[in-house]
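>>> Need coordinates for the following:
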Amino acid sequence: MNKKSKKAARRPATKPARSASASGKLSKALASTAAFAAGVARETGGMLRDLASNVTPPQPNDAPMRATDVLVNQHRILEKLFERAESSKRGLDDTLRELADELSAHISIEEHLFYPAVRKLKPDLILEGLEEHAMGRFALQRVLGTKASDASLQARLKALKELMTNHHHEEERELFNVVRREMPNPVLEKLGAAMKKLFAEERERGHEAVLASFDDTLRKPVHGNAPKRRALISHAVARRAAAAPNRRR
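Model prediction:
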């Protein structure tokens with residue numbers, strides 16, 4: 001047999017080997033792709049299950065709610081009202097009135113029911129919260145006393161929004177977690193029911209009546225007696241004046 005015949009005889013034997021090699025690579029690639037797709041499917045399914053587990057189903061109005069959940073829901077409502085007031089001038093008076101009713105009633109139930117019930121858990125945060133409430137009431141009245149045509153209205157509204165939003169987020173991060181950990185759910189649900197009842201009553205009264213019920217007036221100087229301080233200052237000035245000629249000599 002010549003050389004050409006030998007090569008021709010060997011060619012049919014090599015083709016199946018190449019075909020088998022290509023098929024093996026293709027099978028491995030398909031298997032790898034299938035494994036990757038299965039992994040993605042598992043991860044996606046896990047993410048969807050996690051998201052579903054974090055979604056709180058809607059609760060009927062008469063369903064028991066923890067006091068902290070009542071307040072968090074009100075925080076979200078207030079945030080939406082602030083956004084509406086900032087984004088559109090249409091119906092602005094009605095939006096501000098609704099915002100004032102919601103915010104004043106919210107502050108009222110915190111100060112009359114929630115803060116006294118949890119004060120021992122975080123007394124420093126409660127004191128800060130009371131001060132921020134006082135500043136919020138003042139800022140709210142500034143907004144309500146500003147005409148819609150006044151250029152300062154949006155600036156005052158923004159200042160009120162930032163003050164109350166920061167206050168609400170601090171409560172949720174630092175206070176509510178401690179309250180949920182330290183107080184049993186039945187106690188929080190009982191407190192939440194009382195808070196929802198008072199909120200409805202305060203909301204019905206309206207912001208003017210609710211705001212008027214707070215006493216934010218400083219009745220007298222806190223840091224000592226003003227006439228006594230003036231007398232001390234006068235005495236010090238007289239002593240310096242008497243000593244001045246001696247220094248010149």
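
>>> What are the structural domain limits within the protein?
Recorded structural domains for the chain (assignment: automatic domain parsing) are 25-55, 67-212.

>>> and the ones you listed, which is most packed in?
A comparison of those by mean neighbour count, using mean count of other Cβ atoms under 10 Å, puts domain 67-212 on top with a mean of 16. The way it works is simple: take the backbone N, C-alpha and C, and place the C-beta from them, glycine included.

>>> Endpoint to endpoint, that one covers what distance?
25 Å (Cα to Cα, to the nearest Å).

>>> can you map out the helices along this protein?
Taking DSSP state H as the criterion, the chain carries its helices at 3-54, 67-87, 92-109, 115-118, 123-144, 153-170, 176-182, 185-205, 207-212, 226-248.

>>> Where does the prediction get shaky in this structure?
Of all residues in the chain, those with pLDDT under 70 make up the ranges 1-62, 218-249.

>>> Mind doing that once more with 90?
Within the chain, the stretches with pLDDT under 90 are 1-64, 88-91, 148-149, 215-249.

>>> can I assume Gly192 is in contact with Arg66?
Yes - using Cβ atoms under 8 Å, Gly192 is in contact with Arg66, at 5.2 Å.

>>> Gln74 is in contact with Glu172, correct?
No - counting by Cβ under 8 Å, Glu172 sits too far from Gln74 to count as a contact (11.4 Å).

>>> Skipping its backbone neighbours, what lies nearest Val118 in space?
In space, and not counting its chain neighbours, Val118 is closest to Val179: 5.1 Å by Cβ to Cβ, 6 or more residues apart in numbering.

>>> contacting residues for that neighbour?
67-68, 118, 121, 188 (Cβ atoms under 8 Å, 6 or more residues apart in numbering).

>>> Output the residues you listed in TSV, with distance to Leu92 appended to each entry.
Shown next, in TSV, are the contacts of Val179 (distance: Cβ to Cβ, whole Å):
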residue	distance to Leu92
Ala67	32
Thr68	32
Val118	36
Leu121	39
Leu188	37
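
>>> and which of those residues is nearest to Glu131?
Closest to Glu131 out of the contacts of Val179 is Val118 (16.7 Å), distances taken as Cβ to Cβ.

>>> Report the separation between the closest one and Glu170.
14 Å (Cβ to Cβ, to the nearest Å).

>>> before we move on, what about Ser108?
Going from Ser108 to Glu170 by Cβ to Cβ gives 19 Å.

>>> I figured Arg119 hits Gly129, correct?
No - the pair Arg119 and Gly129 fails to qualify as a contact (Cβ under 8 Å) at a distance of 9.9 Å.

>>> Would you confirm that Ser93 contacts Ser149?
Not quite, residue 93 is Asp, not Ser. No - applying Cβ under 8 Å, one finds Asp93 not in contact with Ser149, separated by 11.9 Å.

>>> Tell me the residues that contact both of those two, please.
Common neighbours of Asp93 and Ser149, using Cβ under 8 Å, 6+ apart, do not exist here.

>>> so who does the residue lying closest to Glu132 once chain neighbours are set aside touch?
Excluding the flanking residues, the one nearest Glu132 by Cβ to Cβ, 6+ apart is His167, at 4.5 Å. Contact analysis of His167 by Cβ under 8 Å, 6+ apart lists 129, 132-133, 136.

>>> what would those look like in CSV with distance to Leu198?
What follows is these, written out as CSV (distance: Cβ to Cβ, whole Å):
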residue, distance to Leu198
Gly129, 17
Glu132, 20
His133, 15
Gly136, 18
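
>>> Arg66: what's its closest spatial neighbour, skipping adjacent residues?
Leu188 (3.9 Å).

>>> now swap in Glu98 and tell me
Leu81 (6.2 Å).

>>> ok now do the one you found, which residues does it touch?
Applying Cβ under 8 Å, 6+ apart to Leu81 gives the contacts 95, 98-99, 102.

>>> Which pair in those residues has the greatest spatial separation?
Thr95 and Glu102 (10.6 Å).
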